[in-house]
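Please work out how this folds:
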Amino acid sequence: MALYGVIGDPIAHSMSPEMHNAAFQECGMDSAYVKFHVKKEQLSQAINGIKALGIKGVNVTVPHKEQVMQLLDEIDPLAEAIGAVNTIVNENGKLIGYNTDGLGFVEGLKNIADEQLEDKSMLIIGAGGAAKAIFYSLASLGVKRIDVSNRTALRAEKMFEACPFDLNSGFLSLEAAENTLNQYDVIIHTTSIGMFPYIEVSPLTIKELKEGCIVSDIIYNPLETALLKQAKQKGARTQNGLDMFVYQGALSFEKWTGIFPPYSIMKNTVLQQLGGQHVNR
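Below you'll find the model as predicted:
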């Protein structure tokens, strides 16, 4: 049996095992995916354990995505640019780190976009780790205009400076973003504002929203945030964070096995597992 897993702290509420095991079963693969509770001071030992035990692949969640990079044998260029790893592939004892978070978001976005993403003008709200993964993944695919709005400019400016891809980007305050929303085809919210239990809170007002635009919120608990409710009322196409979560897992699965798993099985498994709790990958 091939063994896979997820490491993090905390890890009890991760739904990745249910999602991946459902995919392994559907594909008829003799494989299992389990949770490993790994504290910061145990990370080096855990990585050595992956090699020693012959674990084929591992997902990495908080708080290890950055620290784990120095313990791996090789880092994929996109993960290197993002500065975080969420997927480790054990290639005959050589541990290679990838980041499928941003690309998982992109795959989900493609599902509701009616045109090539490269042609769209995008605004990302937030400048944390998720924003950076999405920003760099979109940039790597050739999206030329991606602006960022955040409470402060510093993190956004650092993100721009370190980006290895060519694009046209600018920083906007949240107030400026509210007044210029009609310039964007895609609005992407990446902060925790609106997450359970604070479900009535929205990161910004959207009265200037462009008709027919896409509004994506990476939160999926609740499945429809206050932001998405408001956007839907204004005629926007909306998307929650469930597709990002499932696709990042599916892309990890593909890295490990060479097989793209049954997406609908994975998504339905997660929907069944959702029970009003915040989900840690």
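
Burial check on the residue nearest to Asn21 when sequence neighbours are not counted, number of neighbours?
Leaving aside its chain neighbours, Asn21 sits nearest to Tyr33 (5.3 Å; criterion: CB to CB, 6 or more residues apart in numbering). Bear in mind the C-beta positions are built from the backbone N, C-alpha and C, glycine included. Look at Tyr33: counted by other CB atoms under 10 Å, it has 26 neighbours.

For my notes, confirm Tyr33 occurs in a strand.
Yes: counting by DSSP: H, G, I helix; E, B strand; the rest coil, Tyr33 is found in a strand.

give the contact list for it.
Each residue near Tyr33 by CB atoms under 8 Å, 6 or more residues apart in numbering is listed here: Leu3, Tyr4, Gly5, Val6, Ser16, Pro17, His20, Asn21, Phe24.

Against Leu123, how distant is the spatially most central residue of the chain?
By CA atoms, centre = their mean, the chain has its centre lying nearest to Asp101, at 3.2 Å. Asp101 is 19 Å from Leu123, where distance means CB to CB, to the nearest Å.

just Ala131 next, same as before
Counting by CB to CB, the gap from Ala131 to Leu123 is 11 Å.

overlap in contacts of the two?
Val148.

Now do the same contact list for Met122.
Met122 is in contact with Leu138, Val143, Arg145, Ile146, Asp147, Tyr184, Asp185, Val186, Ile187, Ile188, counting by CB under 8 Å, 6+ apart.

Select from these every entry located in strands.
When DSSP state E is applied, the contacts of Met122 are split such that Arg145, Ile146, Asp147, Val186, Ile187, Ile188 fall in strands.

Beta-bridge partners for the third one, please?
This means Asp147. Leu123 (DSSP bridges).

Tell me, how many residues neighbour Ile259?
Neighbours of Ile259 (other CB under 10 Å): 12.

Name the nearest residue to it, ignoring sequence neighbours.
Cys27 (6.4 Å).

Starting from Ile218, give me the distance back to that neighbour.
On the measure of CB to CB, Cys27 and Ile218 end up 27 Å apart.

Comparing the two, which residue is more hemmed in?
Applying other CB under 10 Å to Cys27 and Ile218 shows that Ile218 carries more neighbours, namely 27 against 15.

Surely the more buried one is in contact with Asp243?
No: judged on CB atoms under 8 Å, Ile218 makes no contact with Asp243 at a distance of 9.5 Å.

tell me the residue furthest from the middle of the chain?
Within the chain, the residue lying farthest from the chain centre (CA atoms, centre = their mean) is Ala52, at 29.1 Å.

pLDDT at it, what is it?
Ala52 carries a pLDDT value of 96.

cool, Leu274 as well?
For Leu274, the pLDDT comes out at 83.

so which strand or helix has the nearest residue to it once chain neighbours are set aside?
Distances taken as CB to CB, 6+ apart place Asn221 nearest to Leu274, at 6.7 Å, with adjacent residues excluded. Here Asn221, judged by DSSP states H and E, is contained in no helix and no strand.

Pull up the gap between Asn221 and Leu227, please.
Going from Asn221 to Leu227 by CB to CB gives 14 Å.

who's more crowded, those two?
Neighbours were counted for Asn221 and for Leu227 using other CB under 10 Å; Leu227 has more, 26 against 19.

Hmm, Ile206 and that one touching each other?
Yes: under the criterion of CB under 8 Å, Leu227 makes contact with Ile206 at 7.2 Å.

Which neighbours do these two have in common?
Taking CB under 8 Å, 6+ apart as the criterion, Leu227 and Ile206 both touch Val215.

for the helix ranked longest in the chain, packing partners?
Scanning the chain for the longest helix, with DSSP state H as the assignment, gives helix 242-257. Applying 3 or more CB pairs under 8 Å, 6 or more residues apart in numbering; DSSP states H and E, we find helix 242-257 packed against helix 16-27, strand 57-60, strand 87-91, helix 101-110, helix 263-273.

so who does Cys213 touch?
Cys213 makes contacts with Leu181, Tyr184, Asp185, Val186, Ile187, Ala236, Arg237, as judged by CB under 8 Å, 6+ apart.

try it again with 7 Å
Listed by CB atoms under 7 Å, 6 or more residues apart in numbering, the contact set of Cys213 reads Tyr184, Asp185, Val186, Ile187, Ala236.

buried subset of those residues?
Neighbour-count burial (16 or more other CB atoms under 10 Å) applied to the contacts of Cys213 gives Tyr184, Asp185, Val186, Ile187, Ala236.
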